[in-house]
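**Student:** Got a sequence here, can you build the structure:
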Amino acid sequence: MKTSLRVFIFFTVMALSVPCSLQARELSIDQVKQNVINLYKSAMEAQPAVSAKNFKKIIDGDSEFVLLDVRSEAEFNAAHLPGALNVERGRIEWVVPDIIKKTDRAIYIYCQDGRRSGFAAERLIQMGYTNTIHISDGFEGWVTAGYYVYNIHGEFILSTGGYYKREPMVGNISK
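**Tutor:** Now for the predicted structure:
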């Protein structure tokens, strides 16, 4: 009985102290933003990268690779690089092992501007894929270079900046 009471008291004290310790460590939004920048820099330094122009040379060559587009399904459907597979950033851990069986396969990853794909490449490396390359300037770099993109309607060239569509904000997230 005494042991049960001690365990109960211990867990009660721990549970009550958690909110206090979280409040004492609250960060400002500027600190959060700086943490994100630091995470991004760390991810970029730890992995190989290639520009869209250099990736075009790889596509034109004879090497085997997998090209992952980690943008949203809507972005992918609007336009994507030739031969790309769409695996949204938030689904990488669950989908990629089912579609890429060889962990040493060359995997090139892109997103709109290189940020999501940088984090996705880092995650694939952490998962055990040993030949993961991040396209540093992403879809924007590809379009700016004047290369063709694809969708269900076929092949076409996008004008620079013609691929932006801002989604409306729902609710107030600034609170």
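**Student:** Please name the nearest non-neighbouring residue to the most centrally placed residue in the chain.
**Tutor:** The chain has Arg116 as the residue nearest its centroid, 3.0 Å off, counting by C-alpha atoms, centre = their mean. Nearest residue to Arg116, sequence neighbours excluded (C-beta to C-beta, 6 or more residues apart in numbering): Arg89, at 4.7 Å. From N, CA and C alone the C-beta is placed, and that goes for glycine too.
**Student:** Could I get the phi/psi values of the one you found?
**Tutor:** phi -50, psi -40 (degrees, to the nearest 10).
**Student:** Pretty sure it sits against Glu73.
**Tutor:** No. Using C-beta atoms under 8 Å, Arg89 is not in contact with Glu73; the gap is 11.5 Å.
**Student:** Looking at the two, which has the bigger crowd around it?
**Tutor:** Arg89 (18 against 11; other C-beta atoms under 10 Å).
**Student:** Thr132 against Gly118, yeah?
**Tutor:** No. Thr132 is beyond contact range of Gly118, at 10.7 Å (criterion: C-beta under 8 Å).
**Student:** Spit out the residues that contact the two alike.
**Tutor:** Gln47 (C-beta atoms under 8 Å, 6 or more residues apart in numbering).
**Student:** Tell me the helices and strands packed up against the helix or strand containing Asp98.
**Tutor:** Asp98 belongs to helix 92-99 when assigned by DSSP states H and E. Packing partners of helix 92-99 (3 or more C-beta pairs under 8 Å, 6 or more residues apart in numbering; DSSP states H and E): helix 115-127.
**Student:** which other residues reach the helix it packs on?
**Tutor:** 39-40, 43-44, 46-47, 49, 68, 70-71, 89, 92-93, 96-97, 107, 109-111, 132-136, 138.
**Student:** next one: the helix or strand following that helix to chain centre, how far?
**Tutor:** Sequence-wise, the next helix or strand downstream of helix 115-127 (DSSP H and E) is strand 132-135. Distance, stretch centre to chain centre, for strand 132-135: 11 Å (C-alpha atoms, centre = their mean, to the nearest Å).
**Student:** what does stretch 93-101 give?
**Tutor:** 15 Å.
**Student:** same thing with stretch 67-85?
**Tutor:** Using C-alpha atoms, centre = their mean, the offset of stretch 67-85 from its chain centre is 13 Å.
**Student:** what do you get for stretch 96-106?
**Tutor:** The chain centre lies 17 Å from the centre of stretch 96-106; the measure is C-alpha atoms, centre = their mean.
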